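A.B. asks: here's my sequence, what's the structure:
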Amino acid sequence: MKRLLPETLISLADASKATGRMLSRGAYSELDTGASPTLQELTEALHFALGDGRIWLNDQRMVLMQSKVLGRLRQEIIDAFGTEVAKGIFMRVGYMQGVRDAELIRKRFPTQDLTHALAAGPRVHTLEGFVKVVTKQFEFDSQKGTYFGEFYWDDSSEAAEHIAHHGLATEPVCWMQTGYPSGYTSTLFGRPVIFREVECAAMGAPRCFVVGQNAEEWGRDVPERGYLGLEWKGEPRRPGMRRDPAPGDAGAGAELRPAELAATDPVVGVSASFLRARLMIEKVADTEATVLLVGESGAGKELFSQQLHRLSARSDGPFVPINCAAIPENLVESELFGVEKGAFTGATASRPGYFERASGGTLFLDEVASLAYAAQGKLLRALQERQIERVGGSRTIPVNVRVVAASNVDLAQEVGAGRFRQDLYFRLCVFPVAIPPLRDRRDDIPLLVDHFLRLFCERHRRTVVGLSRRAMDALLAYDFPGNIRELQNLIERGVIFADAGGRIDVQHLFTGGEAASVSAHALTQEGRIVMSGFSAGSSGGGHAVPASEGFRSTEDVLEAELALYRSALSANGDNVSAAARALGLSRAKLEYRLRKHGLLI
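C.D. replies: Numbers count the residues shown, from 1 in each chain. Predicted coordinates:
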């Protein structure tokens, strides 16, 4: 539980809000005991989706790995490539982990000033189980661009594994743990900060001791520059790929923000099934092969087809989509191939069809399985002969078009049922690509949420700052029968429904009768996994609410909201101010809601 401060004191975060800007300098000594985000608040961000095979720290997927396994991997790399290469690899891994955790703190605690955010780094590092971090001191001045910090490490797993394999070391060996604060601090501070281990338990010291400061303050002999990425030599990047930032990059960490990635690339994701589909698109893009995209409705088949077109040699030509299910059966031929002048009464001019309009580019045939059997034969002929005849015309017109087809049903089964021509199926199925449904790529949900949040805030002129912890939990647990299209609708609904300047909560999302599970596995402060409802709060903090099978009505949503308020009040001794802080709300807003529902007289 947070320690409540006397009303006469003002925290750094309050001072930052009062001045309307982030404090430009600070020190660890200025923080109050128990300053947010506390280890308990961070612990509440850790959730176990036991039946789903996933562990989440806020919206980042985590894995459990035995320390001995990581130690064996470390040893294998040392034996294969030598100590210097292994040191660089593990420092780089730690650096990237620090960057990710810094982004987590930015997202989960956006109102905290830089001093609180920097102080959270050791707590997250400790929570992840590699080492217990004790802050001795740190101070910074953003205007001068200076940072200096000193930290103790107890029970380093990396030092223990090194001793197990090699005995006592002659130099510091906590490489991954040294890279972590470098990535974390550089990302938040906006300038390269390099940490160096000056005492190490693997050398016989009672505990490890690390010092961090601006990269230039270490002088000219800074091998960490190479280890951490300034001289990192990786594989050539494919178009659209992004590298992780090195400490010397301007605004280190900026390129890693999922929201920016989503904003610059319409097809985003990090899950294995998504990456497999994207790789296949990249493989076939520069060819002329016909591509068949197969996936459920709303899974993003048209977006993949657009991406294929952008990566192809036809990118300067037109991209022409057509929904075959929307064309009346008697108009399919004229829509696809066009109409010659005089073909029908009143036709005073020739009209090109979709094949001609897509000449030199890509024709996307969505829901191709819905074409009538007779129309399928005419489409097959056009694909085979690479030429068409307009309705009412006698001359053939050559077409230079690449066809990409999509279906939300299994075309092979449609062939077996006699509803789809086998010869057309084989003509279309030159290079099939399966587009995974959203429930099979849950790791991509946070990326997509950030993308849609930015899109709809701009479109609807709203200032929603993000999603609450339990709202994100609800999305991660939801099955999404409507796939990405449904997620897009939910986020747009939340942007419209949520309070200006606030966060989207569960009651803002599932108002259309969707059955959203509210049960979750969470980690208690004592380190035990428990079944509970979503943790409360627009800032992610809070307390468990009673679990249920799902929100099936507006009344269910209201009851869950009231249970949330009661739980927060009970946990904070009926102190409205403390409960509001735990929920991430202003006192006035919580008091209004309590009075509205009769919980406060």
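A.B. asks: please, where are all the strands along the stretch 251-400 of the chain?
C.D. replies: 291-294, 319-323, 338-339, 351-352, 362-366, 387-389, 396-398 (DSSP state E, counting those that start in this stretch).
A.B. asks: redo the ones you listed as JSON lines? Include mean pLDDT, mean neighbour count and distance to Ser29.
C.D. replies: To be clear about C-beta, it is placed using only N, CA and C from the backbone, and glycine gets the same treatment. Shown next, in JSON lines, are the strands of the stretch 251-400 of the chain (pLDDT from 0 to 100; neighbours: other CB atoms under 10 Å; distance: least, CB to CB, whole Å):
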{"stretch": "strand 291-294", "mean pLDDT": "94", "mean neighbour count": "24", "distance to Ser29": "59"}
{"stretch": "strand 319-323", "mean pLDDT": "93", "mean neighbour count": "18", "distance to Ser29": "59"}
{"stretch": "strand 338-339", "mean pLDDT": "84", "mean neighbour count": "22", "distance to Ser29": "77"}
{"stretch": "strand 351-352", "mean pLDDT": "85", "mean neighbour count": "15", "distance to Ser29": "75"}
{"stretch": "strand 362-366", "mean pLDDT": "94", "mean neighbour count": "24", "distance to Ser29": "62"}
{"stretch": "strand 387-389", "mean pLDDT": "85", "mean neighbour count": "19", "distance to Ser29": "78"}
{"stretch": "strand 396-398", "mean pLDDT": "85", "mean neighbour count": "12", "distance to Ser29": "78"}
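A.B. asks: which one of those lies closest to Ala563?
C.D. replies: When the strands of the stretch 251-400 of the chain are compared by CB to CB, strand 291-294 sits nearest Ala563, at 43.0 Å.
A.B. asks: for the closest one, output the C-alpha coordinates as CSV.
C.D. replies: Extracted in CSV, the C-alpha atoms of strand 291-294 (Å, rounded to 0.1, in the frame of the first residue of the first chain):
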residue,chain,number,x,y,z
VAL,A,291,-1.2,-15.1,-54.9
LEU,A,292,-4.1,-16.6,-52.9
LEU,A,293,-4.7,-15.1,-49.4
VAL,A,294,-6.7,-17.3,-47.1
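A.B. asks: mind checking which of the strands of the stretch 251-400 of the chain is nearest Glu329?
C.D. replies: Proximity to Glu329 (CB to CB) singles out strand 319-323 among the strands of the stretch 251-400 of the chain, at 14.1 Å.
A.B. asks: next, format the strands of the stretch 251-400 of the chain as TSV and append distance to Gln507.
C.D. replies: Listed next are those as TSV, based on distance: least, CB to CB, whole Å:
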stretch	distance to Gln507
strand 291-294	36
strand 319-323	35
strand 338-339	52
strand 351-352	51
strand 362-366	35
strand 387-389	54
strand 396-398	57
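A.B. asks: hmm, His508 and Arg493 touching each other?
C.D. replies: Yes - using CB atoms under 8 Å, Arg493 makes contact with His508 at a distance of 7.0 Å.
A.B. asks: please report the distance of the closest residue to Arg357 other than its chain neighbours from Glu335.
C.D. replies: Distances taken as CB to CB, 6 or more residues apart in numbering put Val320 closest to Arg357, at 5.2 Å, once the chain neighbours are dropped. To Glu335, Val320 is 11 Å away according to CB to CB, to the nearest Å.
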